[in-house]
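A.B. asks: sequence unavailable; structure follows:
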């Protein structure tokens, strides 16, 4: 676990818009197949997860083991970090969480519990200004359902189902290798820490392909290879959707498109990339022209302003208008976000 000395040494070169940044990683499938994951491995692999881009902005992380259930060891780790941050005043001037994938659900659980934890310890609540959720799995992933079905082996499974799960996890799943996948079932995730939060959740989503396209057919609507848009956008119900809003496609095209009927409280889609895949949202995937939903956002001391453009292509009945972020194809989604924060 990173201690106070680590916090002090990082703070000299990290931060985002002058605010302390906390990273919370997603599912680490390689941990599931091991018999044991040590504390040292949890910390090291938590750091490695963000090496490609986000570590340069980190002031601390919440590292957790994918072998653990959300309400078990992961809750203990979250509690310990919350108490540490409250004791040191880490979030006194405001802090920002950055999550990827399952990290969305972990932070939702933390925000739901942190007032109880800090009050019981006689400490002030954390001053969390916002959460930046990339490819958020707060609504679960149908791939977790598939993995559990494969592990249970209760019926004859199609070859394609087993291959999709193996492509996603990187190994043949068994009942002893499920870990947090139990919490990622959409019906379970959507019943976890559902109380409205005052902390804004900004969403960054993709619709690209991973795992050679083996997984997409088992996710409703458009997905990023791991998480369907009903979850990544922050939709308040499971549904087949193809964008976060019903008036703009993932590539920025102005058109009528399937979108969530409603979003979780305080959830705000910001950037969308038609070909941005699950890992590409927080890593250095470039070559995707990004569409925007909220070009300007200002709440609780966090603001962003995207440099946008509109262009028209085609002619007469075939004319289409696209609303995108300028020069976004040459940068990753995370780079575009960081450059927009004020």
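C.D. replies: Looks like it arrived, so ask away. No experiment lies behind these values; they were computed from the predicted model shown.

A.B. asks: show me the helices in this structure, by range?
C.D. replies: 4-11, 29-32, 39-49, 73-88, 103-120, 142-152, 159-169, 186-189, 229-232, 333-340 (DSSP state H).

A.B. asks: tally of neighbours for the residue nearest to residue 68 when sequence neighbours are not counted?
C.D. replies: In this structure, residue 68 finds its nearest non-sequential neighbour in residue 74, 4.9 Å apart by C-beta to C-beta, 6 or more residues apart in numbering. Yep, even glycine has a C-beta here, placed from its N, CA and C like the rest. Per other C-beta atoms under 10 Å, the neighbour tally for residue 74 reads 25.

A.B. asks: re earlier: which of the helices of the chain sits closest to residue 179?
C.D. replies: Nearest of these to residue 179, taken as C-beta to C-beta: helix 29-32 at 5.2 Å.

A.B. asks: and that closest one, what's buried?
C.D. replies: 29, 31, 32 (16 or more other C-beta atoms under 10 Å).

A.B. asks: how far does that helix sit from its chain's centre?
C.D. replies: A distance of 18 Å separates the centroid of the chain from that of helix 29-32, by C-alpha atoms, centre = their mean, to the nearest Å.

A.B. asks: which residues does residue 289 contact?
C.D. replies: Residues in contact with residue 289 (C-beta atoms under 8 Å, 6 or more residues apart in numbering) are 251, 252, 273, 322, 324, 325, 328, 329.

A.B. asks: circling back: could I get the buried residues of helix 29-32 as TSV with distance to residue 224 and pLDDT?
C.D. replies: Formatted as TSV, the buried residues of helix 29-32 follow (distance: C-beta to C-beta, whole Å; pLDDT from 0 to 100):
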residue	distance to residue 224	pLDDT
29	16	93
31	21	95
32	20	92
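
A.B. asks: thought the residue nearest to residue 68 was touching residue 65?
C.D. replies: Yes. Counting by C-beta atoms under 8 Å, residue 74 does reach residue 65; the two are 7.0 Å apart.

A.B. asks: now do the same contact list for residue 17.
C.D. replies: So residue 17 contacts 96, 302, 303, 341, 342 (C-beta under 8 Å, 6+ apart).

A.B. asks: how about a cut-off of 10 Å?
C.D. replies: Residues in contact with residue 17 (C-beta atoms under 10 Å, 6 or more residues apart in numbering) are 57, 94, 96, 129, 301, 302, 303, 304, 338, 341, 342.

A.B. asks: try residue 183
C.D. replies: Taking C-beta under 10 Å, 6+ apart as the criterion, residue 183 is in contact with 68-72, 74, 102, 105-106, 109, 137, 140, 144, 189, 192.

A.B. asks: show the pLDDT at residue 151.
C.D. replies: What the model reports for residue 151 is a pLDDT of 83.

A.B. asks: neighbours of it, just the number please.
C.D. replies: Other residues close to residue 151 by other C-beta under 10 Å number 17.

A.B. asks: test my guess that it contacts residue 171.
C.D. replies: No. With contact defined as C-beta atoms under 10 Å, residue 151 does not count as touching residue 171 (11.4 Å).

A.B. asks: between the two, what contacts are shared?
C.D. replies: Taking C-beta under 10 Å, 6+ apart as the contact rule, the neighbours common to residue 151 and residue 171 are 165, 177.

A.B. asks: any idea what sits nearest residue 197, other than its immediate chain neighbours?
C.D. replies: Closest to residue 197 by C-beta to C-beta, 6+ apart is residue 111, at 5.2 Å.

A.B. asks: count of neighbours near that neighbour?
C.D. replies: 21.

A.B. asks: could you list the low-pLDDT ranges of this structure?
C.D. replies: Low-confidence segments of the chain, defined by pLDDT under 70: 1-13, 154-159.
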